[in-house]
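> Have a look at this prediction, sequence included:
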Amino acid sequence: MEQKALKKLVESISKTVKSFQKSEVECLIRLFHSLVKKDGKVDKIGLDRNTFQGILHNIFGMTDDILMDRVFFAFDKDNDNHINADEWVKGLSVFLRGTFEEKLKFCFEVYYLNGDGYISREGAFDMLKNSLHQQSFEEKTTDEGIKELVEITMKKMDYDNDGKISFADFERAVREDTLLLEVFGPCLPEAQVLSAYQIRIKI
């Protein structure tokens, strides 16, 4: 990427991303372009889903395919099935330096699967089933056991008793118990992975 275009992009992204200094934004854009090139893409569209999932797996230690897929859609704000440089830096600003509020919004966005702004009972069941199966190599958790877990979770988080979890419900529950932030499965990198990554890219 030529220096002039890079500088312009850094200026533009830095206006909306306050958690990184300009030098850090530049570093992340350079990294982004090296990842796009490595993927063999000559176009400037960005990172496709498979490449991005590889990054989540190899760099951030994520292993859950369904959640990695959802994280991709949370990064891909314009829904064009590619993550561009702007989306990459903004997404990483939540991953690496996000405030509690930003992480709260991000996790909720990952969890509401059907795009209506609510986590339904069915959605909660699917995510918990998937998450528990990923973590348990022994006996598979039964559907009945997961249903019970869903009921406990709904009782704890569905404050207005409408059978689904709105962002207001989710926020209230997580503020009362921060362990509920990733209740439906890990969608943020672990602290030690983040530290190693920030050192690696010198930010």
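Perfect, thanks for sending it.
> Could you use CA atoms for every contact and neighbour count after this?
Noted.
> Report the separation between the residue lying closest to Phe75 once chain neighbours are set aside and Leu128.
Excluding its sequence neighbours, the residue lying closest to Phe75 (C-alpha to C-alpha, 6 or more residues apart in numbering) is Gly91, at 5.4 Å. In this structure, Gly91 and Leu128 are 24 Å apart, going by C-alpha to C-alpha, to the nearest Å.
> which of these two has more neighbours?
Gly91 (22 against 19; other C-alpha atoms under 10 Å).
> residues in contact with the residue nearest the centre of the chain?
The centroid of the chain falls nearest to Val71 when counting by C-alpha atoms, centre = their mean (3.7 Å). Contacts here follow C-alpha atoms under 8 Å, 6 or more residues apart in numbering; on that basis Val71 touches Val110, Cys187.
> And the helix or strand containing the residue nearest to Phe75, what's buried?
Per DSSP states H and E, Gly91 falls inside helix 85-97. Residues of helix 85-97 classed as buried by neighbour count (16 or more other C-alpha atoms under 10 Å): Ala85, Asp86, Glu87, Trp88, Val89, Lys90, Gly91, Ser93, Val94, Phe95, Leu96, Arg97.
> Export these as CSV, with columns for distance to Val36 and pLDDT.
Formatted as CSV, the buried residues of helix 85-97 follow (distance: C-alpha to C-alpha, whole Å; pLDDT from 0 to 100):
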residue, distance to Val36, pLDDT
Ala85, 10, 94
Asp86, 14, 95
Glu87, 14, 96
Trp88, 11, 95
Val89, 14, 95
Lys90, 17, 95
Gly91, 16, 95
Ser93, 19, 94
Val94, 21, 93
Phe95, 20, 88
Leu96, 20, 87
Arg97, 23, 90
